[in-house]
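Novice: Give me the fold of what follows.
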Amino acid sequence: MNPAGGCPHAVNARLLARGAVAPVVLPGEVEGMAVLGHDALRDFLAHPDVSKDARHFTALREGRIAEGWPLMTFATVPGMTTADGADHRRLRSLVSKAFTARRVERMRPWIEELTDGLLDDLAVAAEAGGGIADLRRHFALPLPMGVIGELLGVGPEYRDRLHHLSDQVVSTDIGPEEAVAANRELVAILASVAAARAERPGDDLTSALIAARDEDGGRLGGQELVGTLLLMIIAGHETTLNLITNAVRALCGHPGERAKVREGAANWSDVVEETLRWDAPVSYFPFRYPVRDLTVDGTVIPRGTPVLAGYSAAGRDPSAHGPDAGRFDVTRSRGSAIPRHLSLGHGAHFCLGATLARMEATIALERLFTRFSDLDVAVPEAELTRHTGFVGNSVRTLPVRL
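Specialist: Just a heads-up that it's a prediction; the model follows:
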């Protein structure tokens, strides 16, 4: 795996042509596997003999992973993403009440108001920049960060720093000392947020988690609380940030598809779903570990191997999405038997915030293109700088002309 990242789709296509499962070399010369095919990935994500718990990670258990390994947080952070069975259900149940369809829908008016204010900021930035502004910085980032910050009770004074640290945590192209420092600072900030909420509880998820911990200490440990906040901060804004950015790039690069929405042949929810499939916001997500030697689509994945979930590859798998899987088509899912994408996960670990992410992105795109109907990307796609890593899938900046 190229730790510097880059556009994954050409490599994915070559790998998929050879099979649904591929051996990979992770940073630090760690041997792993990636599941790339749609059907294989769907089955693997829900397989009862696949664990998220790093005690099944053979190389880590045997002390062969160095401190500062750039993917260490994904393997060891205490919380839902590294828990199985009853532990996973316990942790998920504490958070899930904040993400019911009813509660998410109640947030709609506030998200719409936040979106409109950010569009004002985008217009001001464009005016100051000679007609061009970075849509990612001024719109696609502060929207989901504002929403997850409000949900968790994380004040605005922390949000820029938390995004910077989140970026480092998900980067695979980072040195050991930087990785350790970023993780420690992120944990320290979130611990201070938790301490503040414990002293002055509010109507937010962090306060609710602390109350659950204090009412019954067995339900949530101290490290689990901070680990849960870390997960919510990273997953709660990085993926939606990439989703909005990728959707804008896709629509500007495919004016015919944009016209379909304008003419009513498709809606903004269709755009969101096709973007999730065609240019998944997460490319390769770490990790899962077979608890026994497991045969997936004819390939044996040895017990204890760290496995990447290849969402960006599965989204363009021709065996699942047809021979034109590489084409962006906002009407693809209408009246079709083609299976849905897996970009928000599958099985017990399906993305808890999927409903919220979809709503944020739908509101963002509809209001953005309604207000700035002539919006276009200001530089060629090939000149956009990609993420520094193979986990997130997007670009670092998105200069647009309003």
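Novice: show me the contacts for residue 130.
Specialist: Contacts of residue 130 were listed using C-beta atoms under 8 Å, 6 or more residues apart in numbering, and none were found. (C-beta placed from N, C-alpha, C; glycine too.)
Novice: got it, and residue 77?
Specialist: Shown here is residue 77, whose contacts under the criterion C-beta under 8 Å, 6+ apart are 227, 230-231.
Novice: Is residue 248 in a helix, a strand, or coil?
Specialist: Here residue 248 is recorded as helix under DSSP: H, G, I helix; E, B strand; the rest coil.
Novice: who's in contact with it?
Specialist: Residue 248 neighbours (C-beta under 8 Å, 6+ apart): 135, 140, 365, 368, 375, 377, 398, 400.
Novice: how close does it get to residue 378?
Specialist: When distance is defined by C-beta to C-beta, to the nearest Å, residue 248 is 12 Å away from residue 378.
Novice: what's the closest non-adjacent residue to residue 26?
Specialist: Nearest non-adjacent residue to residue 26, counting by C-beta to C-beta, 6 or more residues apart in numbering: residue 32, 4.8 Å away.
Novice: Helices of the stretch 301-402 of the chain, start to end?
Specialist: Under the criterion DSSP state H, counting those that start in this stretch, the stretch 301-402 of the chain carries helices at the ranges 311-314, 318-321, 354-371.
Novice: counting contacts, what elements does the second one pack onto?
Specialist: Meaning helix 318-321. If you count contacts as 3 or more C-beta pairs under 8 Å, 6 or more residues apart in numbering; DSSP states H and E, helix 318-321 packs onto helix 38-45.
Novice: Give me the contacts around the helix it packs on.
Specialist: Counting by C-beta under 8 Å, 6+ apart, 20-21, 35, 50, 288, 296-297, 307, 309-311, 314-315, 317, 319-321, 339, 342, 345-347, 349 sit against helix 38-45.
Novice: Please apply the same query to stretch 53-67.
Specialist: Stretch 53-67 has contacts (C-beta under 8 Å, 6+ apart) with 28, 30-31, 72, 75-76, 82-84, 176, 180, 287, 289-291, 303-306.
Novice: Which of those fall in strands?
Specialist: 30-31, 287, 289-290 (DSSP state E).
Novice: Most neighbours out of the residues you listed, which is it?
Specialist: Within those, most neighbours by other C-beta atoms under 10 Å means residue 289, with 25 neighbours.
Novice: check which helix or strand covers residue 227.
Specialist: Assigned by DSSP states H and E, residue 227 belongs to helix 222-253.
Novice: Just the angle for that helix relative to helix 354-371, thanks.
Specialist: 30 degrees (axes from the mean of the first three to the mean of the last three C-alpha atoms, to 10 degrees).
Novice: picking that back up, which PyMOL command selects the buried ones in the contacts of helix 38-45?
Specialist: Buried members of the contacts of helix 38-45 can be picked out in PyMOL with the line below, counting by 16 or more other C-beta atoms under 10 Å:
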select buried, resi 20+21+35+50+288+296+307+309+310+311+314+315+317+320+321+342+345+346+349
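Novice: if we can go back for a sec, I'd like the next helix or strand past the helix holding residue 227.
Specialist: On the C-terminal side of helix 222-253, the nearest following helix or strand under DSSP H and E is helix 255-262.
Novice: list the buried ones in the following helix or strand past that next one?
Specialist: Following the chain from helix 255-262 toward its C-terminal end, the next helix or strand by DSSP H and E is helix 268-278. By neighbour count on 16+ other C-beta under 10 Å, the buried set for helix 268-278 is 268-278.
Novice: Kindly present the residues you listed as CSV, with separate columns for distance to residue 129 and pLDDT.
Specialist: Converted to CSV, the buried residues of helix 268-278 look like this (distance: C-beta to C-beta, whole Å; pLDDT from 0 to 100):
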residue, distance to residue 129, pLDDT
268, 27, 96
269, 31, 94
270, 32, 95
271, 26, 96
272, 28, 96
273, 32, 95
274, 30, 97
275, 26, 97
276, 30, 97
277, 33, 97
278, 29, 98
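Novice: any chance of those in JSON lines, with distance to residue 153 too?
Specialist: Written out in JSON lines, the entries for the buried residues of helix 268-278 read as follows (distance: C-beta to C-beta, whole Å):
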{"residue": "268", "distance to residue 153": "30"}
{"residue": "269", "distance to residue 153": "29"}
{"residue": "270", "distance to residue 153": "34"}
{"residue": "271", "distance to residue 153": "32"}
{"residue": "272", "distance to residue 153": "27"}
{"residue": "273", "distance to residue 153": "31"}
{"residue": "274", "distance to residue 153": "34"}
{"residue": "275", "distance to residue 153": "30"}
{"residue": "276", "distance to residue 153": "28"}
{"residue": "277", "distance to residue 153": "34"}
{"residue": "278", "distance to residue 153": "35"}
